[in-house]
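In: Generate coordinates for the sequence data below:
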Amino acid sequence: MKSIISKTMLLVVLAVSFMSFAKKPGGEGYEIFVGSKLVIQQFGATSGSVQSLQLNPTNTGDKISVKYYHCGQPGKDRVITIKDETGAQVKEIRYNDSPTANSVMTIEVRELLTVKKGKTGKLSLYYVAKGMPSSRLLTTISL
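Out: Just a heads-up that it's a prediction; the model follows:
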């Protein structure tokens with residue numbers, strides 16, 4: 001009888017240990033698509049680094065889609081801000097509150113080309129929503 005209890009306890013301890021290392025759902029992060037192609041994906045530990053996005057003339061008819069994940073919660077008061085290389089805001093796009101935890105926000109590449117006219121350097125894409133302490137740099141964009 002003692003042997004059965006010991007083995008059961010050992011099994012419970014091992015199961016709890018393994019579950020503590022399992023990835024927990026609902027982390028913060030984002031994905032950026034150009035057309036239907038996933039080009040940037042940042043979650044957890046990798047979300048602190050900023051990746052660059054290179055667009056070319058063949059992307060003119062495409063849309064950039066951003067999915068931002070708020071720990072499994074829908075985003076509220078969502079805003080994407082585009083800034084030039086000097087940090088000046090050149091465009092702000094507001095989105096409705098997200099009905100689900102992964103609603104898509106889109107930007108036409110044509111809009112970026114319009115914003116870019118007469119400016120040199122890269123554009124930066126920032127995201128902010130209710131409950132976030134500050135805006136977050138998602139990517140820099142070269143056109």
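
In: Now tell me what touches stretch 98-111 from outside.
Out: Residues from elsewhere that reach stretch 98-111, judged by C-beta atoms under 8 Å, 6 or more residues apart in numbering: 34, 55, 59-70, 72-76, 78, 80, 91, 93, 95. The way it works is simple: take the backbone N, C-alpha and C, and place the C-beta from them, glycine included.

In: in this protein, which spans are helices?
Out: With DSSP state H as the criterion, the chain has helices at 2-21, 109-116.

In: rank those helices by pLDDT, which is bottom?
Out: Lowest mean pLDDT of those: helix 2-21, a mean of 56.

In: Poorly predicted segments of the chain, please.
Out: The chain contains residues with pLDDT under 70 at 1-26, 45-48.

In: 80 instead, please
Out: Residue ranges of the chain with pLDDT under 80: 1-27, 44-49, 57, 102, 117-120, 133.

In: center of it, which residue is that?
Out: The centroid of the chain falls nearest to Tyr30 when counting by C-alpha atoms, centre = their mean (1.6 Å).

In: Confirm for me that that residue is in contact with Lys67.
Out: Yes - at 6.3 Å, Tyr30 counts as touching Lys67 under the criterion of C-beta atoms under 8 Å.
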